[in-house]
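Engineer: sequence and computational prediction follow.
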Amino acid sequence: MFERRLKLLLIILAVPTALLILRLAELQVVRAARCQADAQRMLITPVRFFPGLRGRITDRQGRTLARDAESWDICVHYRVLASDQDYLSALAGSGSDAQDARRRLDDEIAASWHAIAELTNTPLEELARVRDRIVARVQRIKAIVSERRGIETVVQEERMAHPVIKGLGQDQQVEARLRLTDYPWAEVVPSHIRLYAGGKAVGHFLGLLHEVDQNDLNNDPNVDDELARYLPGDVIGFCGVEALAEQRLRGRRGREQEDIEGRAVRPPVAPQNGKDLRLTIDLPLQQALYDRLAAAVRRYPLSTGGAAVVLDVPSRQVLAMVSYPSFDPNVPWQGRLLLARDLLGRPTMFRAIGQGRCYPPGSIVKPMILAGALTDGKVGPTETITCHGCLFPEYPDRWRCAAKWGHGPVDPVFSIQHSCNVFYYVMAGRMRVPRLAYWMSQFGLGRLTGTGLQEERPANLPTRGGMGGGDARNMAIGQWKLEVTPMQVANMAATIASGGYRPVTIRVDGPEPRPAIRLPVPDEYWRIVRRGMYQVVNEDGGTAFPHACLTDTGDYVLLGKTGSAEPPPQESLYTCRFPDGRTETLRARNLRELLARYPGHLKPEITSQTPAAEYPTHAWFVGYLTSRQRCEASVSGSDFSIAIAVVIEYAGHGGQVAGPVAREMVYSVMRHRGAGRPEPIAEAMR
């Protein structure tokens with residue numbers, strides 16, 4: 001009996017002993033490498049990254065437009081953000097009171113979040129959203145890397161701290177360091193913040209930065225490079241020049257990793273700053289033109305905005321391009337969200353290059369149509385066409401001219417000076433839509449101008465019309481489906497001035513060659529077109545005389561063309577009343593966007609509609625400055641010459657409204673260049 005009991009006892013003792021031996025064998029043999037790696041990681045502090053500064057953006061004279069300034073971020077370790085239970089248990093420690101230690105750790109973590117919220121005046125709910133975004137992004141990075149390598153991979157982002165609050169100032173970071181001393185998972189690290197000079201005058205042009213999103217991470221070309229790839233919380237150029245030059249402006253982060261005794265685990269890597277970018281615009285000129293445009297728009301109660309572009313004719317460098325209303329790029333993102341809700345003024349819309357809105361050009365297209373008609377032999381240099389005030393005398397209310405009783409005999413030069421619609425109705429009948437579209441495309445309509453900005457739009461250039469000829473007639477006076485951008489129109493004027501089309505550029509050291517393409521228009525026909533544009537501004541009867549005529553400019557004279565473009569039907573105005581009593585007015589094109597924001601019981605009621613036809617026309621002026629003595633000759637590479645385009649929405653007649661604005665802007669350019677006799681800045685036209 002005793003022996004039987006002894007054997008049973010030995011068996012009972014042998015089983016756990018065998019299990020213990022097996023477990024030890026597993027740990028020391030099977031999982032030895034993993035355990036050794038885990039132990040090694042416990043002796044190594046998390047890797048620390050140091051961001052490189054983003055490159056500066058300067059104007060053509062080297063004035064800083066955008067730069068990175070010193071700031072600090074509050075970062076929290078990813079394992080805490082993701083509530084990694086193994087990490088938290090190890091952090092709390094083991095022992096008989098492990099559960100109590102874990103509860104104390106959870107309380108300390110909660111206290112650290114409250115401290116961060118109080119320090120930065122940030123709601124806990126917002127911090128929770130930031131935390132969730134970081135965790136989601138790291139998991140996406142992990143998934144992308146694991147998929148590319150074909151095995152589940154622990155990415156570096158899981159072993160580092162991530163910024164939850166950015167942009168602390170000097171005093172804030174000192175206080176944060178003191179308050180967060182007791183929380184080892186939180187740290188204050190050096191960082192930087194982007195600062196912009198120029199205010200609203202450069203908001204659209206310079207653009208904005210935003211935190212990387214899923215699309216940025218999925219399309220990151222440097223995802224396998226831990227020093228170049230985007231990390232959660234990194235910023236990327238979202239629009240404007242910041243987006244255009246992202247790869248040039250963005251630097252490479254530095255790296256440092258030590259063991260618990262402060263010894264380097266691997267050689268440290270210093271951060272590399274991004275490269276600077278020099279633009280063609282001139283900041284004082286940009287600001288002066290923006291102020292003039294803003295004052296002009298505010299002068300007309302029904303106007304919702306406008307735009308202006310100034311180009312150097314020989315080089316096609318953009319000296320200034322402004323849109324009103326605009327925004328200050330230093331405004332926090334919460335403020336920009338409020339701006340986006342203004343569906344009437346649309347201050348976030350870059351009008352100068354067609355973002356969100358392109359315009360019917362009106363009569364400013366007539367000079368290039370005349371150049372094409374003369375070259376095609378559709379009208380002779382001295383041929384006259386009689387204008388009776390309408391195209392068909394038997395239908396006096398159709399296809400009318402601006403001159404109620406008609407212009408009488410109209411030759412090509414007179415047709416430009418007085419902007420005779422009947423002359424161009426006849427040209428449209430001879431040329432038709434396809435040929436009109438061909439010539440307009442030669443001057444740059446219907447395509448991008450070359451800025452490289454992702455917001456730029458090619459607008460709309462119809463190439464086919466109806467059989468009746470009405471579409472061609474409307475197209476010949478800049479209406480129907482034809483749309484343009486101010487940048488295209490300024491380049492059109494530069495093409496007329498020089499005789500050749502050339503893409504524009506906003507970079508002094510632009511990488512792409514931009515050779516000029518001479519248009520097949522004989523010099524004698526260019527002289528006719530330019531003579532007409534001279535008389536528009538400088539002789540009695542011209543549609544911009546005396547509103548745009550320059551005085552006291554020495555050897556320089558302004559040539560131009562006016563336009564008064566009727567807005568399309570989708571720009572009718574609607575007034576909406578909300579259940580709380582407030583009202584909002586917006587264009588028809590934005591009505592669906594507004595209604596989609598609100599659920600059924602909160603949707604606004606449409607109380608009134610004003611057709612677009614009842615509102616003033618868009619006011620256009622386009623032209624160029626050149627030598628008075630050679631005003632009919634082509635501008636050469638050694639000449640000083642600028643092209644300008646101005647549009648003011650819903651303001652009335654182009655000559656009376658946009659003409660004076662363009663004149664004052666030209667004066668600003670000349671004063672800025674020096675005493676009315678500026679020196680040429682342009683490279684030779686290739």
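Structural biologist: All right, it came through fine.
Engineer: CA atoms for contacts and neighbours, from now on please.
Structural biologist: Fine.
Engineer: what ranges do the helices span in the stretch 451-600 of the chain?
Structural biologist: For the stretch 451-600 of the chain, the helices defined by DSSP state H, counting those that start in this stretch cover 470-476, 486-498, 523-538, 591-595.
Engineer: may I have the shortest one as PDB, with CA atoms only?
Structural biologist: Taking Å, rounded to 0.1, in the frame of the first residue of the first chain, the C-alpha atoms of helix 591-595 are listed here in PDB:
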ATOM      1  CA  LEU A 591     -27.000  75.300 -53.800                       C
ATOM      2  CA  ARG A 592     -26.700  71.500 -53.800                       C
ATOM      3  CA  GLU A 593     -23.500  71.700 -51.700                       C
ATOM      4  CA  LEU A 594     -25.400  73.800 -49.100                       C
ATOM      5  CA  LEU A 595     -28.500  71.600 -49.000                       C
END
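Engineer: can you tell me the element residue 210 falls in?
Structural biologist: Using DSSP states H and E, residue 210 maps to strand 209-211.
Engineer: measure residue 388 to residue 418 for me?
Structural biologist: From residue 388 across to residue 418, the span is 14 Å (C-alpha to C-alpha, to the nearest Å).
Engineer: with neighbour numbers in mind, choose between the two.
Structural biologist: Legend: neighbour count by other C-alpha atoms under 10 Å for residue 388 and residue 418, higher for residue 418 (23 against 19).
Engineer: and the longest strand along the chain, what does it pack against?
Structural biologist: Ordering each strand of the chain by length in residues (DSSP state E) puts strand 64-77 first. When contacts are defined as 3 or more C-alpha pairs under 8 Å, 6 or more residues apart in numbering; DSSP states H and E, strand 64-77 packs onto strand 57-58, strand 161-168, helix 170-179, strand 186-196.
Engineer: of the ones you listed, which is nearest residue 368?
Structural biologist: strand 57-58 (35.4 Å; C-alpha to C-alpha).
Engineer: how does the protein divide into domains?
Structural biologist: Listed by automatic domain parsing, the domain ranges of the chain are 51-252, 283-567+615-673, 568-614.
Engineer: now these in JSON lines, with mean pLDDT and distance to residue 269?
Structural biologist: Shown next, in JSON lines, are the domains of the chain (pLDDT from 0 to 100; distance: least, C-alpha to C-alpha, whole Å):
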{"stretch": "domain 51-252", "mean pLDDT": "88", "distance to residue 269": "9"}
{"stretch": "domain 283-567+615-673", "mean pLDDT": "94", "distance to residue 269": "30"}
{"stretch": "domain 568-614", "mean pLDDT": "79", "distance to residue 269": "48"}
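Engineer: most tightly surrounded among these?
Structural biologist: Ranked by mean neighbour count, these are led by domain 283-567+615-673 with a mean of 21 (mean count of other C-alpha atoms under 10 Å).
Engineer: chain center to that domain: distance?
Structural biologist: 23 Å (C-alpha atoms, centre = their mean, to the nearest Å).
Engineer: gap between the two ends of it?
Structural biologist: So domain 283-567+615-673: terminal residues 13 Å apart, C-alpha to C-alpha.
Engineer: just to revisit the earlier point, strand partners (parallel or antiparallel) of the longest strand of the chain?
Structural biologist: The pairing partners recorded for strand 64-77 under DSSP bridges are strand 57-58 (antiparallel), strand 161-168 (antiparallel), strand 186-196 (antiparallel).
Engineer: identify the residues contacting the last one?
Structural biologist: Here strand 186-196 makes contact (C-alpha atoms under 8 Å, 6 or more residues apart in numbering) with 50-51, 53, 65-77, 112, 161, 166-167, 173, 176-177, 180, 329-330.
Engineer: ok, then the element right after it?
Structural biologist: helix 203-206.
Engineer: against which helices or strands is that next one packed?
Structural biologist: helix 240-244, strand 318-324.
Engineer: can you lay out the ones you listed as CSV showing distance to residue 129?
Structural biologist: Formatted as CSV, the helices and strands packed on helix 203-206 follow (distance: least, C-alpha to C-alpha, whole Å):
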stretch, distance to residue 129
helix 240-244, 26
strand 318-324, 34
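Engineer: among these, which comes closest to residue 198?
Structural biologist: strand 318-324 (11.8 Å).
Engineer: between that closest one and helix 486-498, how many degrees?
Structural biologist: Interaxial angle, strand 318-324 versus helix 486-498 (axes from the mean of the first three to the mean of the last three C-alpha atoms, to 10 degrees): 140 degrees.
Engineer: could I get strand 318-324 in PDB with only the CA atoms?
Structural biologist: Only the C-alpha atoms of strand 318-324 are listed here, as PDB (Å, rounded to 0.1, in the frame of the first residue of the first chain):
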ATOM      1  CA  VAL A 318       4.600  85.600 -63.200                       C
ATOM      2  CA  LEU A 319       5.300  88.900 -61.400                       C
ATOM      3  CA  ALA A 320       2.100  88.800 -59.500                       C
ATOM      4  CA  MET A 321      -1.200  86.900 -59.400                       C
ATOM      5  CA  VAL A 322      -3.900  87.800 -56.800                       C
ATOM      6  CA  SER A 323      -7.400  86.600 -56.000                       C
ATOM      7  CA  TYR A 324      -9.900  88.300 -53.800                       C
END
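Engineer: so what's residue 588 up against?
Structural biologist: Residue 588 touches 570-574, counting by C-alpha under 8 Å, 6+ apart.
Engineer: let's see that with 6 Å instead.
Structural biologist: 570-573 (C-alpha atoms under 6 Å, 6 or more residues apart in numbering).
Engineer: do residue 253 as well
Structural biologist: Here residue 253 is in contact with 50-52, 227, 271 (criterion: C-alpha under 6 Å, 6+ apart).
Engineer: repeat for residue 589
Structural biologist: By C-alpha under 6 Å, 6+ apart, the neighbours of residue 589 are residue 570.
Engineer: ok, it to residue 356 distance?
Structural biologist: 10 Å.
Engineer: next, the angle strand 64-77 makes with the longest helix anywhere in the chain.
Structural biologist: In the chain, assigned by DSSP state H, the helix with the most residues is helix 124-149. Calculated by the same axes, to 10 degrees, helix 124-149 forms an angle of 90 degrees with strand 64-77.
Engineer: out of the contacts of residue 253, which are inside strands?
Structural biologist: Those of those lying in strands (DSSP E): residue 50.
Engineer: let me have the contacts of residue 253 in CSV, extended by distance to residue 668.
Structural biologist: Listed next are the contacts of residue 253 as CSV, based on distance: C-alpha to C-alpha, whole Å:
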residue, distance to residue 668
50, 44
51, 41
52, 39
227, 46
271, 43
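Engineer: can you tell me which of the contacts of residue 253 is nearest residue 634?
Structural biologist: Taking those together and measuring to residue 634 by C-alpha to C-alpha, the closest member is residue 52, at 48.0 Å.
Engineer: show me what contacts that closest one?
Structural biologist: With C-alpha under 6 Å, 6+ apart, residue 52 has these contacts: 251-253, 271-273.
Engineer: strands of the stretch 201-350 of the chain, start to end?
Structural biologist: 209-211, 235-237, 254-256, 277-278, 306-312, 318-324 (DSSP state E, counting those that start in this stretch).
Engineer: adjacent strands (with direction) for the first one?
Structural biologist: Each strand that strand 209-211 pairs with, and the sense of that pairing, follows from DSSP bridges: strand 235-237 (antiparallel).
Engineer: and what of the fifth one?
Structural biologist: Based on DSSP bridges, the strands next to strand 306-312 in the sheet, each with its direction, are strand 318-324 (antiparallel), strand 642-648 (antiparallel).
Engineer: quick one: closest of the ones you listed to residue 446.
Structural biologist: Nearest of the strands paired with strand 306-312 (C-alpha to C-alpha): strand 642-648, 16.8 Å.
Engineer: which element follows that closest one toward the C-terminus?
Structural biologist: Beyond strand 642-648 toward the C-terminal end (DSSP H and E), the next one is helix 659-673.
Engineer: tell me the angle that next one makes with helix 523-538.
Structural biologist: Going by the same axes, to 10 degrees, helix 659-673 makes 100 degrees with helix 523-538.
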